[in-house]
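Chemist: Quick one: sequence and predicted model below, then my questions.
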Amino acid sequence: FQVISPEKTEPSVSPEGIQTELDEEMENDICKVWDMSMDEDVALFLQEFNAPDIFMGVFAKSKCPRLTEICVGILGNMACFQDICMSISKDENLGQVLLQRLCDSDSPTLLETSRLLLTCLSQPEVASVWVERIRENPSVYDCVCFIMSSSTNVELLVKVGEVVDKLFDLDEELMLNWIKNGTCRSVGPSVDDSPEKLPDFKIVPCILEAAKQVRSDNPEGLDVYMHILQLLTTVDEGIQAIVQAPDGGKETWSLLYDLICHELCQPDDPPIIVQEQKTVLASILSVLSAMFASQSEQEYIKMRKSNVKLPFSCYFILDMPLVGSLIRILQYMEGCGKRSVDNSKDSEQQETGRADLNEEDFHLKILKDICCELLSNMLQELTKENTLEGLHQGHLNEQTCSCAFQNLLPLYFTSVESFLEVLREADQTLADNLEKRFPSLKVHA
């Protein structure tokens, strides 16, 4: 504790007279405490000797980023234990100081602060305390948006994304407030290494920027940011924030379209890939489906007002490669379904094995439902020209159409019937063959 206390820490001094670095021996000693704090007995010992109060002094006096990072990291380890987490969380002064650390310019400190916040938000007993504290502190929104929009540190972006995802999942009111935010504001108590004001942030562009940064290096991080977007679409204000952006939602659609058509669940992937990617696929398709439905509604309103049948004008939506990708996902899920049945027949699974399988089936069912909903809506809007394009590009043929019909019927009968009428104009033979394979369509023809 003599080493950790601010009176005893004497970091090296920069030419400007600011203490910025710990000497090697002192850093090694403090890092040992950091490592040891993962043990519950050590964490309880630290709490008994008022380590959080000592760290408060460090945060107030230290200009050494490494020292601040380590102290926040120790608190993060201590917060893994329920009783200590409750004690830390109920300390209002400490809570405010920790939120101020989100305004820090040091990436390692930001990472440890985000880890600590996520740990506390994951504890049901204290989560509401932190949600309320964050809701009442406007600086958190500004600082989180600044990190998402400007950081290139993938590890930090993933952890901050997990914090936002947890916050939105816990509290819809906070999510609504963040959706509506965007005005310049002070970032709360002055922090020397932070600007007094931050730009006019909007939540959706910040999420998209972070998603672009993590997409190549961290699949789990991409999953997190896609789920944040999905959570936004659970409220009307979130959907409007996406589709009524200055670009009309084009940036969001383009990113998600590119992921579905060129990155995830590709033709050269084995069908089992859909099992690995099921959650991120479900999030992406859910957002696309919400955007498509919103666009369709706007087009319908325009048609009603003009009293004229208008073409579906959103040029980036009716794209046949996306239709082909949706059908491929359904084909791959059929392959996974057959594999699951075969595995269950081949061996008697243990109770935990059956539970895992049921969970897998549950997530695949969610993916299938979302995929079918979007596909049915898109098929219903296809024109003869779209259909001819799909036939020419190979996205539509007897095999892919049969897969689509198999999954869509009978729930989406109207959509299938509408598409079949258009298909009949583009390829009569294919339409006749599909009617033979699905007699219920022929009856209603």
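Modeler: Yes, it's here.

Chemist: Export only the CA atoms of stretch 32-44, formatted as CSV.
Modeler: Only the C-alpha atoms of stretch 32-44 are listed here, as CSV (Å, rounded to 0.1, in the frame of the first residue of the first chain):
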residue,chain,number,x,y,z
LYS,A,32,2.1,-8.0,-8.8
VAL,A,33,-0.7,-6.5,-6.8
TRP,A,34,-2.8,-6.3,-10.0
ASP,A,35,-2.2,-10.0,-10.7
MET,A,36,-2.8,-11.1,-7.1
SER,A,37,-6.1,-9.2,-7.0
MET,A,38,-7.7,-11.9,-9.2
ASP,A,39,-7.7,-14.0,-6.0
GLU,A,40,-10.8,-13.5,-3.8
ASP,A,41,-8.9,-13.5,-0.5
VAL,A,42,-6.5,-10.9,-1.9
ALA,A,43,-9.3,-8.8,-3.2
LEU,A,44,-11.0,-8.9,0.2
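
Chemist: which outside residues touch that stretch?
Modeler: Residues from elsewhere that reach stretch 32-44 (C-beta atoms under 8 Å, 6 or more residues apart in numbering): V3, I4, L46, I70, G73, I74, N77, M78, C80, F81, I84. Using the backbone N, CA and C atoms, a C-beta is placed for each residue, glycine as well.

Chemist: Nearest to A245 among those?
Modeler: Comparing these against A245 with C-beta to C-beta picks out G73 as the nearest, at 37.5 Å.

Chemist: Next SSE downstream of the helix or strand that closest one falls within?
Modeler: When elements are assigned from DSSP states H and E, G73 belongs to helix 65-78. Later in the chain than helix 65-78, the nearest helix or strand by DSSP H and E is helix 82-90.

Chemist: packing partners for that following helix?
Modeler: Secondary-structure packing of helix 82-90 (3 or more C-beta pairs under 8 Å, 6 or more residues apart in numbering; DSSP states H and E): helix 40-48, helix 65-78, helix 92-100, helix 107-121, helix 124-135.

Chemist: Mind doing that once more with 6 Å?
Modeler: Judged by 3 or more C-beta pairs under 6 Å, 6 or more residues apart in numbering; DSSP states H and E, the packing partners of helix 82-90 are helix 124-135.

Chemist: how distant is the helix it packs on from the center of its chain?
Modeler: In terms of C-alpha atoms, centre = their mean, to the nearest Å, the centre of helix 124-135 is set 21 Å apart from its chain centre.

Chemist: Could I get the average pLDDT for it?
Modeler: Averaged across helix 124-135, pLDDT comes to 97.

Chemist: For it, give me every contacting residue.
Modeler: With contacts defined as C-beta atoms under 6 Å, 6 or more residues apart in numbering, helix 124-135 is touched by C85, M86, S89, G95, C120, L121, V140, L170, D171, L174.

Chemist: thinking again about what came up before, pLDDT and distance to I179 added to the contacts of stretch 32-44, as JSON lines?
Modeler: What follows is the contacts of stretch 32-44, written out as JSON lines (pLDDT from 0 to 100; distance: C-beta to C-beta, whole Å):
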{"residue": "V3", "pLDDT": "47", "distance to I179": "45"}
{"residue": "I4", "pLDDT": "50", "distance to I179": "41"}
{"residue": "L46", "pLDDT": "95", "distance to I179": "39"}
{"residue": "I70", "pLDDT": "96", "distance to I179": "36"}
{"residue": "G73", "pLDDT": "97", "distance to I179": "32"}
{"residue": "I74", "pLDDT": "97", "distance to I179": "35"}
{"residue": "N77", "pLDDT": "97", "distance to I179": "34"}
{"residue": "M78", "pLDDT": "97", "distance to I179": "34"}
{"residue": "C80", "pLDDT": "97", "distance to I179": "32"}
{"residue": "F81", "pLDDT": "97", "distance to I179": "35"}
{"residue": "I84", "pLDDT": "96", "distance to I179": "34"}
